[in-house]
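Below are the sequence and a predicted model; questions follow.
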Amino acid sequence: MILFLAFASLLHTASDSTTTKFVASGIPVILRRSTSAGIATADVYLLGGTREETDETAGIEPFLLDLSERGSKHFPRAVMRHAMARLGTSIVIDPTFDWTSIGVRATPETFDSTFVVLADRLMYPNIDAPDIEMVRQEYLSTVKQRRDSPDDLVEYLADSAAYAGHPYARAIGGSEKSIAALTKRELMQFQATQMVRSRMLIVVVGDVERSRVEHLIARTLGNLPLGSYKWTLPNPPMPHPSSLVTVTRDLPTNYILGYYEGPPATSPDYQALRVATAVLSGRLFSEVRDQRNLSYAVNAPFVERALAGGGLYVTTGSPDTVLSIMHTEVSQLGHALVDRDALQRLVQQFITEYFLDNETNADQANFLARAELYRGDYRAGERFAAELRRVTPEDVQRVTLKYMHDIAFAYVGDTTRLSRTAVTGF
């Protein structure tokens, strides 16, 4: 029944929507015109993500965008809050490793007014010392909380280890050192040099006409400098052997996360690795949780970035035992072909769940943006399901052997229960 509803929803969306790409005032725009949607979204993608920062300025872009919520040139703080409350809309910020997005969530009727507020925040943020200090304290509090959450801490440590020396190693929200050192001058310089049209991609989903979008951009963001930014996929990180970083904590369980490097989004291996991690997740869940009851949380995540990654994650009181099981399952996946029919059933289930999780307009915008930026064409998203279905047992075996090794592990918990040799075999 769920499968039927998912595809019925997709067919309905396809039948009452059209997607086009055009350039408005020098900014690429993807517009998915959907007459059935009650919500209209517009996401401005500031391209580059952590590549546009340094270790010393890590977190500066989301910091600046959050600062802009406290007021801009034409919308001082009180005026902005009153306007957003009156409209009943929202502006959301989503920083990632590859870009930072700031987006409108509105109805078609309130879309224009909300977009004008968003544009003013991008173009003319108030960069005042008292507000900087308020945002700084909020960010420092968030960074410190990272140490208090085992899941957040193990993810931060694993990323830092797997991508040492690469922009992906930078914490998206910055570090205590970088946030504490940010100055008004640096924020103003970042605003002046980085808020340029060449860094922008705009994706609009909803019942909004192209002429409205073009008019809005022309009177707002179209007045920003063009700049000379060129989007490219990031360079791969330097190869590294398996490694382990540990943090001792007195916890009810132990947290383990290891990352390995995958292919760029343009590679045919990208979707094959996505499927292989799904296969491995199922096997780990069955063996570690169902059969042996060694964990309530175990999986093999696929890290969806311009440069893919994969990993092994578990919370457990028996780390050595679980790591040994993980090693065995990875080895078996690389040396024995999975059943072809079972693989097709798993892929179909994955496709259904993926699209069920990406039904909102905001999710559709991100789906279109990833296809455009990772694959060079928003229409590549239309081939997503077909590409997954083409993955064969031989592909799963090949990418397992090619990528699932040299894993950088992070461990938070009782370090006396972990043998370092448990991770060196990966």
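Cool, the structure landed. Only a predicted model underlies this, so the values are computations on that prediction, with no experimental measurement involved.

Just give me the neighbour total for Gln194.
Each residue near Gln194 was counted by other CB atoms under 10 Å, and the total is 18. (Glycine included, C-beta is placed from N, CA and C.)

OK, contacts around it?
Leu46, Glu52, Glu61 (CB atoms under 8 Å, 6 or more residues apart in numbering).

same check, this time on Ala336
Per CB under 8 Å, 6+ apart, neighbours of Ala336: Gln397.

for Thr360, same thing?
Counting by CB under 8 Å, 6+ apart, Thr360 makes contact with Ile39.

Check the spacing between it and Arg51 real quick.
Distance, Thr360 to Arg51, by CB to CB, to the nearest Å: 28 Å.

Does Leu201 fall in a helix, a strand, or a coil region?
When classified by DSSP: H, G, I helix; E, B strand; the rest coil, Leu201 comes out as strand.

pLDDT at it, what is it?
You'll see Leu201 listed with a pLDDT of 98.

what's the answer for Asp207, then?
Asp207 carries a pLDDT value of 94.

From Glu359, how far off is the nearest residue to it once chain neighbours are set aside?
Of all residues not flanking Asp207 in the chain, Pro108 sits nearest, at 4.6 Å (CB to CB, 6 or more residues apart in numbering). From Pro108 across to Glu359, the span is 18 Å (CB to CB).

Would you mind telling me which of those two has the busier surroundings?
Each of Pro108 and Glu359 has its neighbours counted (other CB under 10 Å); Pro108 has more, 16 against 13.

For the more buried one, what are phi and psi?
phi -60, psi -30 (degrees, to the nearest 10).

secondary structure class for Ile256?
Secondary structure for Ile256, judged by three-state DSSP, is strand.

Also Arg121?
The three-state label given to Arg121 by three-state DSSP is helix.

begin at 48 from here
Renumbered: residue one is now 48, and that last one reads Arg168.

Is it in contact with Glu116, as I believe?
Yes: between Arg168 and Glu116 there is a contact under CB atoms under 8 Å: 7.0 Å.

These two: which is more packed in?
Set Arg168 next to Glu116 and count neighbours by other CB under 10 Å: Arg168 wins out with 26 against 18.

Which residue is the nearest non-sequential neighbour of that one?
Spatial nearest neighbour of Arg168, chain neighbours left out: Ser115 (3.8 Å); criterion: CB to CB, 6+ apart.

Torsion angles phi and psi at Tyr295?
Small correction: residue 295 is Thr, not Tyr. Main-chain torsions, Thr295, degrees, to the nearest 10: phi -80, psi 120.

Tell me how far it lies from Ala205.
Going from Thr295 to Ala205 by CB to CB gives 17 Å.

out of those two, which sits in the more crowded spot?
Remark: of Thr295 and Ala205, Ala205 carries more neighbours, 25 against 11, as counted by other CB under 10 Å.

Give me the three-state assignment for that one.
Three-state assignment for Ala205 (three-state DSSP): helix.

Make sure it is actually in contact with Gly358.
Yes: Ala205 lies in contact with Gly358 (CB under 8 Å); the separation is 7.1 Å.

Need the overlap of contacts for these two.
Common neighbours of Ala205 and Gly358 are listed as Leu304, Gly305, Tyr306 (criterion: CB under 8 Å, 6+ apart).

Not including adjacent chain positions, what is the nearest residue to His452?
In space, and not counting its chain neighbours, His452 is closest to Phe473: 6.1 Å by CB to CB, 6+ apart.

Can you get me a residue count around the one you found?
Using other CB under 10 Å, Phe473 has 22 other residues around it.

my read: the residue nearest to Arg168 touches Leu169, true?
Yes: contact criterion CB under 8 Å: Ser115 and Leu169 qualify, at 7.2 Å.

The two: who's more crowded?
Remark: of Ser115 and Leu169, Ser115 carries more neighbours, 27 against 20, as counted by other CB under 10 Å.

Please compute how far the helix of greatest length in the chain lies from its chain's middle.
Secondary structure of the chain per DSSP state H: the longest helix is helix 176-195. Mean C-alpha position of helix 176-195 versus that of the full chain (CA atoms, centre = their mean, to the nearest Å) differs by 22 Å.

Give the phi and psi angles for the one residue sitting closest to the centre of the chain, as a check.
When the chain is reduced to its mean C-alpha position, the nearest residue by CA atoms, centre = their mean turns out to be Thr143, at 5.1 Å. Main-chain dihedrals, Thr143, degrees, to the nearest 10: phi -140, psi 180.

which ones are touching the nearest residue to it once chain neighbours are set aside?
Distances taken as CB to CB, 6+ apart place Gly96 nearest to Thr143, at 5.6 Å, with adjacent residues excluded. Gly96 makes contact with Pro142, Thr143, Phe144, Asp145, Trp146, Thr147, Pro214, Ile219, according to CB under 8 Å, 6+ apart.

Repeat the analysis, applying 6 Å as the threshold.
With contact set as CB atoms under 6 Å, 6 or more residues apart in numbering, Gly96 has these partners: Thr143, Phe144, Asp145, Trp146.

Run a quick neighbour tally on Glu376.
The local packing of Glu376 (other CB under 10 Å) involves 20 other residues.

can you pull the contacts of it?
Glu376 sits next to Arg330, Leu331 when contact means CB under 6 Å, 6+ apart.

so which strand or helix has it?
Applying DSSP states H and E as the criterion places Glu376 in helix 366-382.

Could I get the buried residue list for that helix?
Neighbour-count burial for helix 366-382, counted by 16 or more other CB atoms under 10 Å, picks out Pro366, Val369, Leu370, Ile372, Met373, His374, Glu376, Val377, Leu380, Gly381.
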